[in-house]
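Undergrad: Give me coordinates for this.
(chains A and B)
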2 protein chains.
Amino acid sequence: MTHLFNDPAAFTEDMLAGFLDANSDYVTGVPGGVVRAQETPQGKVAVVVGGGSGHYPAFCGIVGRGFADGAVVGNIFTSPSAQEAYTVAKAATGDAGVLILSGNYAGDVLNFTSAAQRLTSEGTQARVLFVTDDLASAPDTETERRRGVAGDFVVFRVAGAAAEAGYDLDAVEKAASRANDRTRTLGVAFSGCTLPGARTPLFTVPEGRMGVGLGIHGEPGVSEADMPSASELATRLVDGVLAERPADGSGRIAVILNGLGTTKYEELFVVWATVSRLLAGRGLTVVEPEVGELVTSLDMAGVSLTVTFLDEELESLWRAPADTPAYRKGPARLAQKEGGSRRRSPAAQGGSSIEAAQIPPATTAARQAAAAVVAGLSSMRTALIDSADELGRIDAVAGDGDHGRGMVKGVTAAVEAATGLAERGAGVSTVLIGAGDAWAAKAGGTSGALWGAGMREAGAHLSDTASDITAEDVSGALRRGLNTIVAIGKAAPGDKTLLDAALPFADALETAIGRGTDLWTAWDEAAAVAHTAALATADLVPKTGRARPLAARSIGTPDAGATSYALCVRSVLSVRTKEHAE
Amino acid sequence: MTHLFNDPAAFTEDMLAGFLDANSDYVTGVPGGVVRAQETPQGKVAVVVGGGSGHYPAFCGIVGRGFADGAVVGNIFTSPSAQEAYTVAKAATGDAGVLILSGNYAGDVLNFTSAAQRLTSEGTQARVLFVTDDLASAPDTETERRRGVAGDFVVFRVAGAAAEAGYDLDAVEKAASRANDRTRTLGVAFSGCTLPGARTPLFTVPEGRMGVGLGIHGEPGVSEADMPSASELATRLVDGVLAERPADGSGRIAVILNGLGTTKYEELFVVWATVSRLLAGRGLTVVEPEVGELVTSLDMAGVSLTVTFLDEELESLWRAPADTPAYRKGPARLAQKEGGSRRRSPAAQGGSSIEAAQIPPATTAARQAAAAVVAGLSSMRTALIDSADELGRIDAVAGDGDHGRGMVKGVTAAVEAATGLAERGAGVSTVLIGAGDAWAAKAGGTSGALWGAGMREAGAHLSDTASDITAEDVSGALRRGLNTIVAIGKAAPGDKTLLDAALPFADALETAIGRGTDLWTAWDEAAAVAHTAALATADLVPKTGRARPLAARSIGTPDAGATSYALCVRSVLSVRTKEHAE
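TA: Numbers count the residues shown, from 1 in each chain, chains lettered A, B, ... in the order given. Alright, predicted model coming up:
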């Protein structure tokens, strides 16, 4: 149970404010996350880590010397937006480039990649690396589909230590990539975690049982077993991670026995006593083990074991000094005083581009269409708020349960941006672009990135100077937006994503408009098609799709993204009713 | 819920083994606890801390430079024995004396004081200091009755830093004592903690409510309130601790916002954001705050706020470097390499005196009486095992719920020691002394110290060379033991302790024997008196008694110590039945 919060919707902001205040010697806030209190020295590669929050000390707690230069902090269990990743990376990066790392989750991959592309386009060397240590999330023939869990800590640490040691960007990336290749994690859960303000956990484990292969966002395990003794659990975890021991290992390993949140240090030490013995019995030498809470999942009860098969270079990086709010090792604090200069006021950093935008002139038709977009977004917002819990529940079957929450955040930001722009006389193109950017910036997650990019693209296809906006213009813009979603999301029809509602919707809309039906009637027909298609996703078994390894377990449950898509397009129909009433 | 354990009875030993293995750079095990891996340098005062376990990182996690030299580690929520405190302090102490610190609990006070006395008697300067920061546990006119909770951390830290800085024993004690005088804590709990192997928590808090003024051993709070928002809680905690702000304060404070176990860092940071603002609004400057899990209570959900009103010296000690398994600050690690030499094998340290004892010659009568003692202890053991859960439940009403468990540990050790000695031909005196020492050494806690000392004293009053052991000898020995319990425990009749059953028992036994009744008949009569007297403790309201501030809440529940005493004397009657059958 997460007991303490003010407004659950502002939990992450409140948490960050307290974290920054308590650790002001180490860190400074920037829009989207935190960076070190000291400027990154010239010539030093920046290492930026991140992902959703709820994993403390991952990831803001490990910003400091010998570790990260910055952390992008998303909402609980939700990918930060590309804008947030960009702002943090920009603030953290000096003149030697940046490596941005996160666990391998669809939303993080989309948003961090997009941020790196933007930095690159601006002339800053930027690379991305996504950690794939969770051996339960896909077979070893498909490691690129595996999630990142507590192995994040080792890979981020190696990158941070390499950058501190003066490696160039290529070398930092190479070391981190090798650490990722040689890191394996297996975890178990005994009880689920509860989001702030929620009354029930994201998942439950029956009394006397445990979930094997849990995710760190409340994703359930891949199998279930009877609750073992501490020794039995140690054996299971050691056997699991050593099953993928590489042939070329030095026999020296970095090890993390990680508590997920409410499994306490006393219990971890009891398990560690057996883990240590078993590892020694397999001829392995443990180097500076970490037994504690390093990558948590709110108040989940559970444990994971991470092993990194070291070589000489990885061992030296693993042992290097570090000095961060939550992780300190060696004589780092002393050296810090010699380091870079204190940052200037954080207010000077970053900032949103939306408020500063000039409003291009717009025709009456474009402004009327903009008003319809505002009304449509408002209807979507109402519908999404009503359905947020249900969408979260559906999403939790195979994912992290954040879909409803993320959609509400996104649409709320979009409504605010669209309203502000429309009030200042903006046309439909500017309004849609502004709404899409706001959605992506505030929602985070996969759905935020996709909806934001799709709306921006649709807006770019419309014109603020058109004398008329036709039904064909609308369906054409919608199709362009959808194409962008396909291009970014890399999912195929049948992969159990929002495409499985959105593509039938677009097809039906175009067909109806093609035979001369008016826009609202066509939209009504297409919305019905989308609704049916969304329900039918319950029968789908996804075949492709990066970082959706658990989707197979969702057979019988419709896809959350397809469901919310169908809900959104249907809710927009209320605009017609209002127009008729006026 | 505490999920992970092997044998719950061996939880602490298993935990310590894992802790020592994972932190072998820092610490070495000795009988009864841990000491630094490096020898204490000559001229440096030793600081030894301790208490029951279940509070990680308190207390074994803070052994290292700038903090403790050793930690005595009791069973979960149970005071270590005097023997354990002695062994650890002896191993940790060089030539400059030792300050032994713990929270102000009856068992710790008894056992740590006894250990210090033994060290003093051997020529080692030894002092004790008991922390009293918990303002909810007694009014500010009776601070000496207050418990030690998270303020332990500050006081231990000040002592450790002072010793590291080269203070002599007087100065270390003075600084620690001033830190204690100027430290206040207020805590709240949202849910209780569960002992390893138990299926239900030690206490519960109703849904939507919180306990105010909790203890760190599952003692319930002193009042209950509706569950507040994070900001409301911050206000309540700040108002509470600042109510005792001293007039001479510098306006600079050390602050700990402490998570009790399952209240996570994210929540702590949300609360901290408001705490920090409120403290600033009261004109206070926060110096290097700690927001995290420092003194936990297994898996309890809850938070406490600790404030130490600093002066210049306390501030400099609070900020000094430290390097321990769980708490690191400043450039300590570097300096450590220059420090003392690595300890020799821990096997060379400490050890029990019982096994090494020579068996004095004994008469047949003394050996027969010894056999009766062994049989009586075995009967007590069976009865205590059967009643352990119930005794724990009764004890949890006003205490830490460890009474049943502690009694079983103690009597089991006593049976083993007594059996071994009797098999080697020992008489009743030697057997009782050995059994008492074993009880005190293994049980820990208040009851362990009292039962152990009482049995030792009773044994000392009997003779191994007597040709006969009479009923008067038995009742005389029992009275001598009881006098010792009164002297050590400092409780009075009516204080709701075991004395309220033991004194009526001794009186009744003496009266019956005085009128010529045989021993077993007299014992039977007296046991019935003890049973009635134990039940009657339900109506008592304790008036005196150090560190029993919560006993008032137990009105209506009999005292656990009196109940187990009555149970024990009654169970011994089964020896008569067996003797008759033979």
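Undergrad: For chain B, what's the nearest residue on the stretch 1-150 of chain A?
TA: The nearest approach of the stretch 1-150 of chain A to chain B comes at residue A:18, 3.4 Å away (C-beta to the nearest C-beta). C-beta here means a position set from N, CA and C on the backbone, and glycine is covered the same way.
Undergrad: following the helix or strand of chain A at the bottom of the mean pLDDT ranking, which helix or strand comes up?
TA: The helix or strand of chain A with the poorest confidence is helix A:332-336; it has a mean of 42 (mean pLDDT, DSSP states H and E). Remark: after helix A:332-336, the chain's next helix or strand is helix A:364-398, criterion DSSP states H and E.
Undergrad: Counting by contacts, list what that next one packs against.
TA: Helices and strands touching helix A:364-398, by 3 or more C-beta pairs under 8 Å, 6 or more residues apart in numbering or on different chains; DSSP states H and E, are helix A:403-423, helix A:428-443, helix A:560-571, helix A:573-581.
Undergrad: Please identify the deepest-packed of those helices.
TA: helix A:428-443 (a mean of 28; mean count of other C-beta atoms under 10 Å in any protein chain shown).
Undergrad: hey, C-alpha coordinates of that helix in CSV?
TA: Extracted C-alpha coordinates of helix A:428-443, given in CSV (Å, rounded to 0.1, in the frame of the first residue of the first chain):
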residue,chain,number,x,y,z
VAL,A,428,-6.6,23.8,-36.9
SER,A,429,-3.1,23.0,-38.0
THR,A,430,-1.4,25.0,-35.3
VAL,A,431,-3.9,23.7,-32.7
LEU,A,432,-3.4,20.1,-33.6
ILE,A,433,0.4,20.4,-33.6
GLY,A,434,0.4,22.2,-30.3
ALA,A,435,-2.0,19.7,-28.8
GLY,A,436,0.1,16.8,-30.1
ASP,A,437,3.3,18.2,-28.7
ALA,A,438,1.7,18.9,-25.3
TRP,A,439,0.3,15.3,-25.3
ALA,A,440,3.7,13.8,-25.9
ALA,A,441,5.5,16.1,-23.5
LYS,A,442,3.1,15.5,-20.5
ALA,A,443,1.8,11.9,-21.0
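Undergrad: Would you pull up how far it lies from the middle of the chain?
TA: Put simply, helix A:428-443 sits 19 Å off its chain's centre (C-alpha atoms, centre = their mean, to the nearest Å).
Undergrad: now stretch A:156-173
TA: Relative to its chain's centre, stretch A:156-173 lies at 23 Å (C-alpha atoms, centre = their mean).
Undergrad: Then stretch A:438-456?
TA: 12 Å.
Undergrad: now stretch A:305-312
TA: The answer for stretch A:305-312 is 26 Å, by C-alpha atoms, centre = their mean.
Undergrad: Other residues contacting that stretch?
TA: A:133, A:149-151, A:153-154, A:178-179, A:182-187, A:237-238, A:240-242, A:245-246, A:249-250, A:252-258, A:275, A:287, A:314, A:318 (C-beta atoms under 8 Å, 6 or more residues apart in numbering or on different chains).
Undergrad: Let me see the contact set for residue A:322.
TA: Taking C-beta under 8 Å, 6+ apart as the criterion, residue A:322 is in contact with A:62, A:64-67, A:157, A:160-161, A:328-330, A:332.
Undergrad: Give me the local confidence score for it.
TA: Residue A:322 carries a pLDDT value of 93.
Undergrad: contacting residues around the residue nearest to the spatial centre of chain A?
TA: Centrality entry for chain A: nearest residue to the mean C-alpha point is residue A:79, 2.1 Å, by C-alpha atoms, centre = their mean. Taking C-beta under 8 Å, 6+ apart, we find residue A:79 in contact with A:51-52, A:102, A:105, A:107-108, A:110-111, A:444-446, A:448-449.
Undergrad: residues near the residue lying closest to residue A:321 once chain neighbours are set aside, how many?
TA: Nearest residue to residue A:321, sequence neighbours excluded (C-beta to C-beta, 6 or more residues apart in numbering or on different chains): residue A:330, at 3.1 Å. Neighbourhood size, residue A:330 [other C-beta atoms under 10 Å in any protein chain shown]: 20.
Undergrad: Residue A:330 and residue A:318 touch, don't they?
TA: No: counting by C-beta atoms under 8 Å, residue A:318 is not a contact partner of residue A:330; they are 11.6 Å apart.
Undergrad: thought residue A:255 was touching residue A:285?
TA: No: using C-beta under 8 Å, residue A:255 makes no contact with residue A:285, being 10.2 Å away.
Undergrad: These two - which one has more neighbours?
TA: Taking other C-beta under 10 Å, residue A:255 and residue A:285 do not tie; residue A:255 has more neighbours (24 against 12).
Undergrad: Just list whatever residues bridge to the more buried one.
TA: Going by DSSP bridges, residue A:255 is paired in beta bridges with residue A:307.
Undergrad: Report the contact partners of it.
TA: For residue A:255, the contact set (C-beta under 8 Å, 6+ apart) comprises A:275, A:279, A:286-287, A:289-290, A:305-308.
Undergrad: where along chain A do the strands fall?
TA: Here chain A has its strands, by DSSP state E, at A:27-30, A:33-36, A:46-53, A:70-76, A:98-103, A:126-131, A:183-191, A:209-212, A:223-226, A:252-259, A:285-292, A:301-309, A:322-323, A:328-329.
Undergrad: out of the ones you listed, nearest to residue B:300?
TA: Evaluated over the strands of chain A, closeness to residue B:300 peaks at strand A:301-309, with 13.8 Å, by C-beta to C-beta.
Undergrad: tell me the angle the closest one makes with strand A:252-259.
TA: 170 degrees (axes from the mean of the first three to the mean of the last three C-alpha atoms, to 10 degrees).
Undergrad: what are the C-alpha coordinates of strand A:301-309, in PDB please?
TA: Taking Å, rounded to 0.1, in the frame of the first residue of the first chain, the C-alpha atoms of strand A:301-309 are listed here in PDB:
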ATOM      1  CA  ALA A 301       7.300  -7.600  -2.100                       C
ATOM      2  CA  GLY A 302       9.900  -9.500  -4.100                       C
ATOM      3  CA  VAL A 303      13.600 -10.200  -4.800                       C
ATOM      4  CA  SER A 304      15.700 -10.400  -7.900                       C
ATOM      5  CA  LEU A 305      19.200 -11.700  -8.400                       C
ATOM      6  CA  THR A 306      21.400 -10.000 -11.000                       C
ATOM      7  CA  VAL A 307      24.800 -11.400 -12.100                       C
ATOM      8  CA  THR A 308      27.300  -9.700 -14.400                       C
ATOM      9  CA  PHE A 309      30.000 -11.900 -15.800                       C
END
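Undergrad: got the angle between that strand and strand A:285-292?
TA: If you take the same axes, to 10 degrees, strand A:301-309 sits at 150 degrees to strand A:285-292.
Undergrad: mean confidence for strand A:301-309?
TA: On average, strand A:301-309 scores 96.
Undergrad: repeat for stretch A:375-385
TA: In the prediction, stretch A:375-385 has an average pLDDT of 93.
Undergrad: How about residue A:7: what's its closest non-neighbour residue?
TA: Nearest one to residue A:7, counting by C-beta to C-beta, 6+ apart, is residue A:14 at 7.8 Å.
Undergrad: hmm, back to that, so which of the helices and strands packed on helix A:364-398 is nearest residue B:429?
TA: Minimum separation from residue B:429 across the helices and strands packed on helix A:364-398 (C-beta to C-beta) falls at helix A:403-423, 72.6 Å.
Undergrad: how much does that closest one deviate in direction from helix A:364-398?
TA: Between helix A:403-423 and helix A:364-398, the angle comes out at 170 degrees (the same axes, to 10 degrees).
Undergrad: what about helix A:403-423 and chain B, any contact?
TA: No: Helix A:403-423 does not reach chain B (C-beta under 8 Å from any C-beta of the partner chain); its nearest approach is 15.5 Å.
Undergrad: So what's the gap between that helix and the chain middle?
TA: That offset, for helix A:403-423, works out to 19 Å (C-alpha atoms, centre = their mean).
Undergrad: Please render the helices and strands packed on helix A:364-398 as TSV that adds mean pLDDT to the earlier fields.
TA: Output for those, formatted as TSV (pLDDT from 0 to 100):
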stretch	mean pLDDT
helix A:403-423	91
helix A:428-443	90
helix A:560-571	94
helix A:573-581	73
